[in-house]
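Peer 1: Okay, structure incoming, though there's no sequence with it:
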């Protein structure tokens with residue numbers, strides 16, 4: 001697959017293709033950390049909580065930790081406390097399913113900027129059919145606020161391409177703590193990358209991915225069911241139909257195939273087929289969104305918007321989700337070590353982190369995949 005250059009200037013739409021595989025890995029469950037491999041060193045982002053209260057524990061030192069890989073204790077050669085700077089890429093879905101909520105999106109994101117510390121650097125990108133970098137990494141909040149005013153709604157969703165841009169182009173060259181925060185429904189419809197291609201990039205990358213999940217299924221279904229003569233009707237892309245048919249073939253092995261193909265014009269699909277396809281695409285998107293965040297050490301938080309869910313307090317709901325993420329990102333330690341097992345065989349390596357103070361638990365993903373020659 002050809003690769004289009006992705007390092008563009010702010011304000012330019014960016015087309016993505018191809019894949020640059022990084023040597024790195026991540027971990028899972030909720031607030032947990034990410035594992036990074038840069039050259040031969042492994043960096044582990046760890047969140048420590050009090051067992052009784054669940055509150056994050058700050059102020060620990062390197063002497064408080066022990067790291068084990070495949071049961072073998074490792075020598076910690078690098079340590080960063082939770083006060084170290086954070087590098088964050090905020091990705092905002094401005095496709096048709098969120099067009100009614102741009103004011104809410106701007107306001108909630110602005111509140112999120114205010115929750116971060118002065119030393120933290122953020123980048124801002126929006127994605128529709130194309131991915132557009134609005135502001136590169138900066139600690140200038142006024143520039144980020146101005147970037148929010150550039151948000152514009154459009155059609156299509158290149159979610160997987162946006163993840164690749166953030167992982168490789170925005171955050172790839174950066175050292176230290178890195179995270180991606182994506183506001184999206186997770187339903188990818190355009191772009192070059194498929195889920196099966198972007199997941200390895202994330203698993204081997206050096207960033208934790210969090211998702212604020214926007215509930216847009218009913219809104220999208222209504223658009224898909226409208227008469228094609230209506231200007232406001234939605235259509236499935238060929239990429240979406242190929243994804244649906246591929247998964248249906250696996251689920252219905254040996255049964256009669258679907259009566260339509262990826263080339264079938266949207267307006268030739270029956271109403272029942274449109275509903276069936278849309279529902280399955282959303283089920284798949286929810287599953288994939290949870291998988292990719294767990295693999296990278298992040299998690300999914302609901303962020304329903306009034307236009308799609310009928311919620312009465314969409315701004316407060318979204319602002320609360322941002323606040324939870326900001327609190328978690330502020331309480332992460334980074335431990336680094338050179339693995340005693342120097343084989344580059346692509347094998348899975350189990351991980352365990354212990355804290356030598358009573359009543360504390362280190363939350364981590366159980367392992368990472370080694371670099372392969």
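Peer 2: Structure's in. What do you need? Everything quoted here is computed from the prediction, not taken from an experiment. Numbering: from 1, shown residues only.
Peer 1: ok, and the closest non-adjacent residue to residue 226?
Peer 2: Beyond its immediate neighbours in the sequence, the residue positioned closest to residue 226 (CB to CB, 6 or more residues apart in numbering) is residue 233, lying 3.8 Å away. Just so you know, the C-beta spots here come from the backbone N, C-alpha and C atoms, and that holds for glycine as well.
Peer 1: That neighbour touches residue 221, doesn't it?
Peer 2: No. Taking contact to mean CB atoms under 8 Å, the distance of 11.8 Å between residue 233 and residue 221 leaves them out of contact.
Peer 1: Does residue 68 have any beta-bridge partners, and if so which?
Peer 2: On the basis of DSSP bridges, residue 68 takes part in beta bridges with residue 73, residue 352.
Peer 1: Go ahead and confirm it touches residue 354.
Peer 2: Yes. Proximity of residue 68 to residue 354 meets the contact threshold set by CB under 8 Å, at 7.4 Å.
Peer 1: Just the buried positions in stretch 115-130, please.
Peer 2: Neighbour counts over stretch 115-130 (16 or more other CB atoms under 10 Å) mark 116, 120-130 as buried.
Peer 1: what's the answer for stretch 358-373, then?
Peer 2: 362-365, 367-371.
Peer 1: so can I have TSV of those showing secondary structure?
Peer 2: Written out in TSV, the entries for those read as follows (DSSP: H, G, I helix; E, B strand; the rest coil):
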residue	secondary structure
362	strand
363	strand
364	coil
365	coil
367	strand
368	strand
369	strand
370	coil
371	coil
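Peer 1: The helix or strand harbouring residue 113: what's the following helix or strand?
Peer 2: Assigned by DSSP states H and E, residue 113 belongs to helix 102-115. Downstream of helix 102-115, the next assigned helix or strand under DSSP H and E is strand 121-127.
Peer 1: The helix or strand following that next one pairs with which strands, parallel or anti?
Peer 2: Secondary structure here is assigned by DSSP H and E; on that basis, the next helix or strand after strand 121-127 toward the C-terminus is strand 131-138. According to DSSP bridges, the neighbouring strands of strand 131-138, each with its direction, are strand 13-14 (antiparallel), strand 121-127 (antiparallel).
Peer 1: Mind putting those into JSON lines with mean pLDDT and distance to residue 283?
Peer 2: Rendered in JSON lines, the data for the strands paired with strand 131-138 read as follows (pLDDT from 0 to 100; distance: least, CB to CB, whole Å):
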{"stretch": "strand 13-14", "mean pLDDT": "46", "distance to residue 283": "29"}
{"stretch": "strand 121-127", "mean pLDDT": "97", "distance to residue 283": "22"}
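Peer 1: and those as TSV, adding distance to residue 300?
Peer 2: Formatted as TSV, the entries for those read as follows, by distance: least, CB to CB, whole Å:
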stretch	distance to residue 300
strand 13-14	25
strand 121-127	18
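Peer 1: how far out from the middle of the chain is the helix or strand where residue 211 lies?
Peer 2: For residue 211, the element it lies in under DSSP H and E is strand 208-213. Distance of strand 208-213 from its chain centroid, counting by CA atoms, centre = their mean, to the nearest Å, is 5 Å.
Peer 1: could you check the angle helix 102-115 makes with it?
Peer 2: Here strand 208-213 runs at 140 degrees with respect to helix 102-115, directions being taken by axes from the mean of the first three to the mean of the last three CA atoms, to 10 degrees.
Peer 1: Let me see the ranges of the strands in the stretch 151-300 of the chain.
Peer 2: The residue ranges that make up the strands of the stretch 151-300 of the chain, judged by DSSP state E, counting those that start in this stretch, are 177-184, 208-213, 300-302.
Peer 1: Same list as before, these that is, but in CSV and with mean pLDDT included.
Peer 2: Shown next, in CSV, are the strands of the stretch 151-300 of the chain (pLDDT from 0 to 100):
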stretch, mean pLDDT
strand 177-184, 92
strand 208-213, 92
strand 300-302, 92
